[in-house]
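Peer 1: Give the three-dimensional model of this entry:
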Amino acid sequence: KTPRRCTRLVVKGSFTHTDTAGANHFRFSGRLRGHTLAPGSYLLAAQPRNALGDRGKGASVSFRIL
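Peer 2: This next block holds a predicted model:
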């Protein structure tokens, strides 16, 4: 049986997105700080915060750049 490959997570950057109370969504362009992400597998992790700095329930999604 072939062992599974290791997964190394590296922080590539961060961004902010301002929304209103309730359900929201946004489209991620695949760019950070004006640069296109290189082809590969990525994990986008979102951590909501309100104006007071209180954190809500986070979410994550994996995606690939071809």
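Peer 1: Just give me how far stretch 42-50 sits from the chain centre.
Peer 2: 5 Å (CA atoms, centre = their mean, to the nearest Å).
Peer 1: quick one: terminal-to-terminal distance for it?
Peer 2: 26 Å (CA to CA, to the nearest Å).
Peer 1: quick one: contacts of it?
Peer 2: 9, 12, 28, 55-65 (CB atoms under 8 Å, 6 or more residues apart in numbering). No exception for glycine: its C-beta is placed from N, CA and C like everyone else's.
Peer 1: again, but for stretch 12-29
Peer 2: Under CB under 8 Å, 6+ apart, the answer for stretch 12-29 is 32-33, 37, 42, 44, 63.
Peer 1: same thing but 7 Å
Peer 2: 32-33, 37, 44 (CB atoms under 7 Å, 6 or more residues apart in numbering).
Peer 1: cool, and stretch 55-66?
Peer 2: Counting by CB under 7 Å, 6+ apart, 30, 37-49 sit against stretch 55-66.
Peer 1: Cool, thanks, talk later.
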